[in-house]
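[1] give me the fold of what follows.
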Amino acid sequence: MDYGNIKNSLGCTAKVRAKQLFTLATALGALFFVGCKEENKATPETVESEYKRSETLYIGGFDWAPPSTFNPLDHDPNFPIDGNCRITYEALLAYNQLSGELEPMLADSYSSSEDKITVHLDPKAKWSDGTPVTVADVLYTFKIDSILPTPRHGNWKFLSEITDDGNNNISFHFGKNKNPLIILNAIAETSILPKAVFEPLVQGAKSGKNYDMNRITAFKNDSMPVVSGPYNIKTYSPDQIVLVRNDNYWGNYKFGGKKPSPKYIIHSLYNGNNHFNSAMTKGNLDISSVFLPRIWDKAKDSIRAWSRNEPYHLPGSITTLLIAHQNAPFNDVALRRAMMHAINFEKIKSRAVSNYTPVIQPGFILPFGTESKFFNKDDADKYGYSFDIEKAKAILTDAGYSWDESGRLLDKKKQPVRNFTIECPQGWTDWEDAIKVIVESLHEIGLAAEEKFVDYSVWDKNLRLGTFDLAMKTQTAELSAASPWNRFDQVMGLVSFKETGEEAFANQGRYKNEEADKLIQKIPALTNEKDLVAAYRELNRIFMETIPVIPVMYRPTQYYQFSTKHWTNFPTEENPYAPPQSLVVAAGVKALWSIKPAD
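    Numbering: from 1, shown residues only. Below is the predicted model of the structure:
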């Protein structure tokens, strides 16, 4: 299975897990992603025959439920409208996780200054109905986020205004809370919408000063919507979503006038990992973003990942155990530190995720790629942790803990430390296997941890309300222009702090540290790299000393594996002409012009 994450970075793949089990009837408060559980009729053995195979790219893993809406203003639109998918509605810029750069999309350039970020809208940009994409479309799209409770509504805490100069230059002016990182993310992760379509819809739902979201989301946008991207929705069923190429796509000029290689892109909908993986093995899927174990064994089926060597997938996120900091015994940092030393991370690496993760390093900064300049190995050695049961027991002993005759851990009052649970959504097999290893590890130091595999809706509600002990999650799943700041902010930032029982979508462990929060507020405005490195070093030290969450493994921003039975020339480590973003996400879209039919 893919990684679980509420999409604060608004990436398409962050919604993969959410689509597996959640019913629309229970989607009462999920702000960033929800899904539904329904039986699928599709089987891995069947593929629609009306589409010529050499013209059709089959993908899977970005949606799990029969489609219900393609309205980008819905909290949970189906593929390809959701998150950071960019083949229908495009953003102004696209993040490339290989280079760490923001690349042109609807905008052809951007610049930053002390008080604003300015983008230049490509004058060639057009909607699928042939009308130009205009500055008015961009301004109205961001206005929508200021007046409606969209997932991007909070961006306006950091914006004072958005202006244009009449020459296709659009300036995003910082507010009192200056945070260029959040604004860059907003520019790169906001789907630009046609004003002509959405202004009447939104205005028609206005009642006084308020807007009726039910009236807005009643619009399903499912009949050849007006989009700017290279593909549009052709048809859909409970089994699949069919996209058709726009042969007149305005952006073809960037590729010498060439059209994207597939005429059709079909997202197949299957029930669970095993069906997706079986379809992949049979050649009925060309690209999959679900967890496929033992990828090295799949070469015989013409399947591979980004790399032929460990960890096979390009790491880009950190899956963690969220900790309920307000509850005993987890409000004791000594216990948290002992837990870190007790967990057998190497066993998680091999048993749970087929070695798809490098050896985890202390802290909350990726020690490779674009973040490596912020990682300090000396600090990791000094303040960090490693698997060491005896060290874990020594920490507990020094903190006043002891054990009874059966080996059960006793607290400082000589009472047994209570039983607690570690939860994740049921059926997410890689997470379940990781939790099983963690439970075994914690038993070694006398902690009575138990597995708790629940329906997605239960897991999501427990996280939002803080009614859990430990819970697996990848809070920030995608690399972006704000990495690693956004990762720290999502688990340590006080701006998102809510008391237990109040709904929270970040800092769901209810962690408090004033010193850390000051650094989180300071970092976005720093422009001198030396100062930035120093600030991240201090923030990572606080993380290692106080353990806001327990990092479990590095993960890819999305699983990216492909079959060469029907299509070839996918981006790879050896041929990195595009990032491993599954050809429908952010800068990965440009690979659609380079893949080739195998026939």
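
[2] who touches the nearest residue in space to Asn331 that is not next to it in sequence in this structure?
    Ranked by C-beta to C-beta, 6 or more residues apart in numbering and with sequence neighbours excluded, the top spatial neighbour of Asn331 is His325, at 5.9 Å. Using the backbone N, CA and C atoms, a C-beta is placed for each residue, glycine as well. By C-beta atoms under 8 Å, 6 or more residues apart in numbering, the contact list for His325 reads 331, 509-512, 548.

[3] and if we set it to 6 Å?
    Neighbouring residues of His325 by C-beta atoms under 6 Å, 6 or more residues apart in numbering: 331, 509-511.

[4] looks to me like it is in a strand.
    No: using DSSP: H, G, I helix; E, B strand; the rest coil, the assignment for His325 is coil, not a strand.

[5] show the pLDDT at Gly427.
    pLDDT recorded at Gly427 is 80.

[6] could I get the phi/psi values of Pro80?
    Main-chain dihedrals, Pro80, degrees, to the nearest 10: phi -100, psi 20.

[7] isn't it up against Glu90?
    No: at 11.2 Å, Pro80 does not count as touching Glu90 under the criterion of C-beta atoms under 6 Å.

[8] between those two, who's got more neighbours?
    Neighbours per residue, other C-beta atoms under 10 Å: of Pro80 and Glu90, the larger number sits with Pro80, 27 against 23.

[9] measure the more buried one to Pro524 for me?
    Taking C-beta to C-beta, to the nearest Å as the measure, Pro80 and Pro524 are separated by 31 Å.

[10] same thing with Asn355?
    Distance, Asn355 to Pro524, using C-beta to C-beta: 35 Å.

[11] those two: who's more crowded?
    Set Asn355 next to Pro524 and count neighbours by other C-beta under 10 Å: Pro524 wins out with 21 against 17.

[12] quote the end-to-end distance of stretch 442-453.
    Taking C-alpha to C-alpha, to the nearest Å, the first and last residues of stretch 442-453 lie 18 Å apart.

[13] determine how far it lies from the middle of the whole chain.
    On the basis of C-alpha atoms, centre = their mean, to the nearest Å, stretch 442-453 sits 28 Å off its chain's mean C-alpha point.

[14] contacts for that stretch next, please.
    Residues outside stretch 442-453 that contact it (C-beta under 6 Å, 6+ apart): 342, 389, 392-393, 403, 407-409, 419-423, 426, 432, 435, 439.

[15] could you pick out the buried ones from those?
    With burial judged by 16 or more other C-beta atoms under 10 Å, the buried subset of the contacts of stretch 442-453 is 342, 392-393, 409, 420-423, 426, 432, 435, 439.

[16] now, the most widely separated pair of those?
    Lys393 and Gln426 (32.8 Å; C-beta to C-beta).

[17] Ile438 looks like it's in a helix, true?
    Yes: under three-state DSSP, Ile438 falls within a helix.

[18] now it, nearest residue through space, not along the chain?
    Once flanking residues are discounted, Ile438 sits nearest to Ile343: 5.6 Å by C-beta to C-beta, 6+ apart.

[19] confidence-wise, which of the buried ones among the contacts of stretch 442-453 comes last?
    Gln426 (90).

[20] list the residues that contact it.
    By C-beta under 6 Å, 6+ apart, the residues touching Gln426 are 453-454.

[21] apply 10 Å and report the result again.
    20-21, 432, 452-456, 458-459 (C-beta atoms under 10 Å, 6 or more residues apart in numbering).

[22] from Gly509, how far out is it?
    Separation of Gln426 from Gly509 (C-beta to C-beta): 22 Å.

[23] again with Tyr249
    Counting by C-beta to C-beta, the separation of Tyr249 from Gly509 is 44 Å.

[24] compare these two (neighbour count), which wins?
    Comparing Tyr249 with Gly509 by neighbour count (other C-beta under 10 Å), the higher total belongs to Gly509, at 29 against 21.

[25] the more buried one is in contact with Thr546, isn't it?
    No: counting by C-beta atoms under 10 Å, Gly509 stays clear of Thr546, with 11.3 Å between them.

[26] hey, what's in contact with both of those two?
    Counting by C-beta under 10 Å, 6+ apart, the residues touching both Gly509 and Thr546 are 325, 492.

[27] how close does the residue nearest to Ser372 when sequence neighbours are not counted sit to Ile360?
    Distance criterion C-beta to C-beta, 6+ apart; nearest residue to Ser372, sequence neighbours excluded, is Leu366 at 7.1 Å. The gap separating Leu366 from Ile360 is 10 Å, by C-beta to C-beta.

[28] overlap in contacts, these two.
    Residues touching both Leu366 and Ile360 comprise 315, 318, 554, with contact defined as C-beta under 10 Å, 6+ apart.

[29] bridging residues for the nearest residue to the last one once chain neighbours are set aside?
    The spatial neighbour of Tyr554 that comes closest, neighbours along the chain excluded (C-beta to C-beta, 6+ apart), is Pro315 at 3.9 Å. Beta-bridge pairing of Pro315, defined through DSSP bridges, involves Pro556.

[30] surely Lys258 meets Lys596?
    No: counting by C-beta under 10 Å, Lys258 stays clear of Lys596, with 11.8 Å between them.

[31] before we move on, the earlier item: and which of the buried ones among the contacts of stretch 442-453 is nearest Thr131?
    Gln426 (47.0 Å).

[32] could you pull up phi and psi at that closest one?
    phi -60, psi 140.

[33] separation between it and Ser268?
    Distance of Gln426 to Ser268, computed by C-beta to C-beta: 23 Å.

[34] ok so, going back, OK, contacts around the residue nearest to Tyr554?
    356-358, 360, 366-369, 479, 553-557.

[35] most surrounded residue in these?
    Counting neighbours by other C-beta under 10 Å, Thr557 comes out on top of the contacts of Pro315 with 35 neighbours.

[36] lowest-pLDDT helix or strand in this protein?
    Least confident element among the helices and strands of the chain, by mean pLDDT, DSSP states H and E: helix 18-21 (a mean of 38).

[37] I'd like the next helix or strand past that helix.
    Per DSSP states H and E, the first helix or strand lying C-terminal to helix 18-21 is strand 56-60.

[38] quick check: next helix or strand after that following strand?
    Following strand 56-60 toward the C-terminus (DSSP H and E): strand 93-96.

[39] follow-up on the earlier one: the residue nearest to Asn331 and Val133: what is the separation?
    According to C-beta to C-beta, His325 stands 46 Å off from Val133.

[40] how about Asn462?
    Distance, Asn462 to Val133, using C-beta to C-beta: 42 Å.

[41] just Ile389 next, same as before
    For Ile389 relative to Val133 (C-beta to C-beta), the value is 59 Å.

[42] for stretch 211-224, the distance to its chain's centre please.
    Its chain's C-alpha centre and that of stretch 211-224 lie 25 Å apart, by C-alpha atoms, centre = their mean.

[43] where in this structure is pLDDT low?
    For the chain, the stretches flagged by pLDDT under 70 are 1-49.

[44] contacts only, for the residue in the chain sticking out farthest from the centre.
    The outermost residue of the chain relative to its centre, with distances by C-alpha atoms, centre = their mean, is Glu405 at 45.2 Å. The contact partners of Glu405, by C-beta under 10 Å, 6+ apart, come to none.

[45] so Val133 touches Asp108, yeah?
    No: between Val133 and Asp108 there is no contact under C-beta under 10 Å: 11.9 Å.

[46] from Phe420, how far off is Asn271?
    According to C-beta to C-beta, Asn271 and Phe420 sit 32 Å apart.

[47] list of residues touching the host helix or strand of Ala516?
    According to DSSP H and E, Ala516 maps onto helix 514-522. Residues outside helix 514-522 that contact it (C-beta under 10 Å, 6+ apart): 177-179, 485-486, 488-495, 497, 507, 511, 513, 531-532, 535-543, 545-546, 548.
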